[in-house]
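1. task: produce atomic coordinates for the following.
(chains A and B)
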Amino acid sequence: MKIAIQTEDFDVSTELILLRKDLPSIGGINIFVGTVRDTHQGDDVHAMELEHYPGMTEKSLKDILEQAQKRWEILNATIIHRVGKLMPMDQIVFVAVATPHRGDAYAACEFIMDYLKTSAPFWKKEFTPQGERWVDARTSDDERLKKWQA
Amino acid sequence: MKIKVKFFASLKELAQTDSMDVELPSKVLTMGDLRFYLAGLSPALGLALAPGKNIKVAQDLEMVPMDASIIENAEIAFFPPVTGG
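-> Numbers count the residues shown, from 1 in each chain, chains lettered A, B, ... in the order given. Predicted coordinates for the structure are as follows:
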């Protein structure tokens, strides 16, 4: 299992090779890659800055992964989240989950992203022609958690 | 009781500081008490921790509810709802 918080970009193919290494029992891998959009709430976004809470971030991602491991048979998983200054088109987040069968991979990947979005301490600031602003949390993200709490 | 307080994102900007060491009066027992107490220390902290704002709090790297008890020497962080991913 790999959890990384980093300023540098990641390469999806390289991460897949690392994820699969020496694990012939893997039958499926589900991947999510989050990227920086160039618009938000009708405004152009020309850059983004991601802040986080060092120490708590790693701990919360580890906790989320442990919760996922209790629910599904996860053979390996990778979570990478970038911080610092990012530009439109940049990759922000990578979650990959390897399981024996595809159903668990889809579900666990979605679970990890849903909890990452609502409990991992990251904050986005957007830079627009109107100035800079902190992104507000979306209530729809909280709504999505209900699916896993039922 | 001594604690360390940290602020992140918009709260850090409003508070004009990212961390402070605080010696608490004995009546400050919960996260909610602490929020109210800190808000009274300066106009900047008052803005950052204004009542009615949706603020999250973590104690020793774990999110806790506002009625959680403060632990001696804890690191307590206040921040807005998270927006990663």
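
2. rest of the way, CA atoms for contacts and neighbours
-> OK.

3. so where's the longest helix in chain A?
-> If you go by DSSP state H, chain A has its longest helix at helix A:102-119.

4. you'd agree B:Ala15 is up against B:Ala50?
-> No. Checked against CA atoms under 8 Å, the pair B:Ala15 and B:Ala50 is beyond contact range at 10.7 Å.

5. have a look at those two and say which one is more surrounded.
-> Of the pair B:Ala15 and B:Ala50, B:Ala15 is the one with more neighbours under other CA atoms under 10 Å in any protein chain shown, namely 20 against 16.

6. list the contacts for the more buried one?
-> B:Phe7, B:Ala44, B:Leu45, B:Gly46, B:Leu47, B:Ala48 (CA atoms under 8 Å, 6 or more residues apart in numbering or on different chains).

7. helix or strand for the most centrally placed residue in chain A, which one?
-> The residue lying closest to the centre of chain A (CA atoms, centre = their mean) is A:Val93, at 4.3 Å. In this structure, A:Val93 is located in strand A:91-99 according to DSSP states H and E.

8. how far away is B:Ala50 from B:Phe78?
-> B:Ala50 is 12 Å from B:Phe78, where distance means CA to CA, to the nearest Å.

9. need the per-residue pLDDT for the spatially closest residue to A:Ala47 that is not a sequence neighbour.
-> Nearest residue to A:Ala47, sequence neighbours excluded (CA to CA, 6 or more residues apart in numbering or on different chains): A:Met87, at 4.6 Å. Looking at A:Met87, its pLDDT reads 98.

10. settle this for me: A:Met87 is touching A:Leu50, isn't it.
-> No. Taking contacts as CA under 8 Å, A:Met87 lies outside contact range of A:Leu50: 10.9 Å.

11. have a look at those two and say which one is more surrounded.
-> A:Leu50 (22 against 18).

12. contact partners for that one?
-> Counting by CA under 8 Å, 6+ apart, A:Leu50 makes contact with A:Arg82, A:Val83, A:Gly84, A:Lys85, A:Leu86, A:Phe122, A:Trp123, A:Lys124, A:Lys125, B:Gly84.

13. quick one: which helix or strand includes it?
-> Element membership of A:Leu50 [criterion: DSSP H and E] is strand A:47-52.

14. note down every partner strand of that strand and its orientation.
-> Applying DSSP bridges to the sheet, strand A:47-52 is found paired with strand A:84-86 (antiparallel), strand A:122-128 (antiparallel).

15. please see if the helix or strand following that strand touches chain B.
-> Once the chain leaves strand A:47-52, the next helix or strand it forms, by DSSP H and E, is helix A:56-71. Yes. Judged by CA under 8 Å from any CA of the partner chain, helix A:56-71 and chain B are in contact via A:Met56, A:Lys59, A:Ser60.
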